[in-house]
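Undergrad: predicted structure and sequence below. I'll ask about it afterward.
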Amino acid sequence: MSAPVAAPNSDTGNERNGRDEQQGTSFDQLQDVHFVEEKTNEALLVVKGNQDVLDSLRQHYQDSFDMLRYDDDLDVSQFQAIPRFRDRVERVQKELVMQQHRLETLLKMIADRRSLLQSTVQHRSTLMNYMLAEKAQESTDNMAKMTHEMQNIAQSTKTETVSMRIVTFVTLVYLPGTFISVSVLMVSIG
């Protein structure tokens, strides 16, 4: 399996990179656990197959022994070799049963580890979603603030536009009168 998950990176500049590395590490570990589980299942299948082969072999030699027991032409040394062989096969079968139990225990441990890693990945995903939601809320708040500022600017512009219209109106009303007064004054002086 791969190395344990690194401690969170406390450096604020590298905080995101640290989280990405941890997320990747958990995912890599999850893949490793899956690979080990596959290989363990394959080994368990091989052990069970070997047990079946040995059981068939033991049964075949037991049947042969039972048939040859009544044969007078059989040498005693050959006759005694069959039970020794059967005993060896039984010892190997017991060892395979023990290996099978070990593999089954290992599979349970792997399943627990996979479950833990899946929970870790899911938890990190939830945290990332929470952080994204916070960022989205922050962005929404900034947009609301900008909208309020734009409304204030629009209101200020509207007020200034009204003031300019009043100045323009006053200018248009008094400018011809001023022009006529100055013209009449110039003619009277001149």
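TA: The structure has been received and is ready for your questions. Residues are numbered from 1 along each chain as shown.
Undergrad: elements contacting the helix ranked longest in the chain?
TA: Ranked by residue count and defined by DSSP state H, the top helix of the chain is helix 76-189. Helix 76-189 makes packing contacts with helix 15-68 when contacts are defined by 3 or more C-beta pairs under 8 Å, 6 or more residues apart in numbering; DSSP states H and E. Bear in mind the C-beta positions are built from the backbone N, C-alpha and C, glycine included.
Undergrad: separation between the residue nearest the centre of the chain and residue 108?
TA: By C-alpha atoms, centre = their mean, the chain has its centre lying nearest to residue 121, at 4.3 Å. Note on residue 121: its distance to residue 108, by C-beta to C-beta, to the nearest Å, is 21 Å.
Undergrad: apart from its neighbours in sequence, what residue is nearest residue 58?
TA: Nearest non-adjacent residue to residue 58, counting by C-beta to C-beta, 6 or more residues apart in numbering: residue 89, 4.4 Å away.
Undergrad: the closest residue in space to the residue nearest to the centre of the chain that isn't next to it in sequence and residue 125: what is the separation?
TA: Distance criterion C-beta to C-beta, 6+ apart; nearest residue to residue 121, sequence neighbours excluded, is residue 26 at 5.2 Å. Distance, residue 26 to residue 125, using C-beta to C-beta: 10 Å.
Undergrad: quick one, which of those two is more surrounded?
TA: When residue 26 and residue 125 are compared for neighbours, residue 26 comes out ahead with 20 against 11, by other C-beta atoms under 10 Å.
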